[in-house]
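# Turn this into a model:
(one chain, ligands or ions: 1)
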Amino acid sequence: MDLITDAKKRAAKEALKFIKDGMLVGLGSGSTASFFITYLGESKLKVKGIPTSKASEKLAKFYGIPLLDPEKVSTLDVDVDGADEVDPQKRLIKGGGGALLREKITAKMSTQMIVIVDEKKCVKKLGAFPLPVEVARFGFAATKKEIENLGFNATLRLNKKKNHPFLTDQRNFILDLKWNSPQKITPENADLFLKSIPGVIETGFFFNLATKILVGKENGKVEIL
Ligand SMILES: O=C(CO)[C@H](O)[C@H](O)COP(=O)(O)O
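As a prediction, this is how the structure comes out:
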């Protein structure tokens, strides 16, 4: 097994220590969150979950984790999810797997958000990873133009075969944004500007949501931020 996969698994296993019987748990998406769902499924813990993607739902069902109706639940005890970038202020970029909308709603309704990452995800400054932004298909060209007018390079995400746009679980598109002049705009302002565009549904910025970051290290340890 490669060192990064090993580090992701270590962070995912560490997160189990914060889960207690009876908890309502947000189940994140992506490879690290999938390791967590697997460990949770294999454990004897009696919890109920809300999955943040169809893929996580399938995995949770495979392990027989009881699931809640996301239309009826307003608070969760804890959300456990991965991230694409984490900065020293616990700000995140998420959405590499395209599940950012459900992930953000779930993180927001949770008392705690435990983020599980390998050490390569920790950065001094957000932005090397292109920012995923979920946009409506209706008016897509106009929305893309408005985003580009703000000074971003926006690339429409394609599916694995590269023959069709990638569709989120809500059947929206994803634009991956690179910042042309990152030094001139703070992540908070970028988020505000992007969200002022009507076709923008959600951005991959996660601010003031992560309560704990578990960083799996290649040296075999897990650091808690
Ligand atoms: O935000 C996400 C999915 O939308 C994932 O949490 C993020 O992309 C990290 O994925 P991985 O654990 O596979 O590196």
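
# Now for the residue nearest the centre of the chain: which residues touch it?
The residue lying closest to the centre of the chain (Cα atoms, centre = their mean) is K94, at 3.9 Å. K94 makes contacts with 81-84, 100, 103-104, 132, 204, 206, as judged by Cβ atoms under 8 Å, 6 or more residues apart in numbering. Any C-beta I mention is one placed from the backbone N, CA and C, and that applies to glycine too.

# Relative to the ligand, which of those is nearest.
G82 (3.1 Å; Cβ to the nearest ligand atom).

# quick one on the thing from earlier: the contacts of K94 in helices, which ones?
Taking DSSP state H, the ones among those that sit in helices are 100, 103-104.

# Give me the buried entries from those.
Applying a neighbour-count criterion of 16 or more other Cβ atoms under 10 Å, the buried members of those are 100, 103-104.

# What is the neighbour count of I213?
The local packing of I213 (other Cβ atoms under 10 Å) involves 21 other residues.

# Would the helix or strand encompassing it count as contacting the ligand?
Using DSSP states H and E, I213 sits within strand 212-216. No: for a cut-off given as Cβ under 6 Å from any ligand atom, strand 212-216 has no contacts with the ligand; the smallest distance is 10.5 Å.

# pretty sure L209 contacts M113?
Yes: counting by Cβ atoms under 8 Å, L209 touches M113, with 4.9 Å between them.

# what sits in contact with each of the two?
The overlap between the contact sets of L209 and M113 (Cβ under 8 Å, 6+ apart) consists of A107.

# out of these two, which sits in the busier spot?
Higher neighbour count among L209 and M113: M113, with 27 against 21, using other Cβ under 10 Å.

# so who does the more buried one touch?
M113 makes contact with 26, 78-81, 107, 206, 209-212 under the criterion Cβ under 8 Å, 6+ apart.

# Ramachandran angles for the nearest residue to K108 once chain neighbours are set aside?
Among residues not flanking K108 along the chain, L209 sits closest, at 6.6 Å (Cβ to Cβ, 6 or more residues apart in numbering). Backbone torsions of L209, given as degrees, to the nearest 10, read phi -120, psi -40.

# on that earlier part again, how near is the residue nearest to the centre of the chain to V86?
Per Cβ to Cβ, to the nearest Å, K94 is found 10 Å from V86.

# do T111 as well
Taking Cβ to Cβ as the measure, T111 and V86 are separated by 20 Å.
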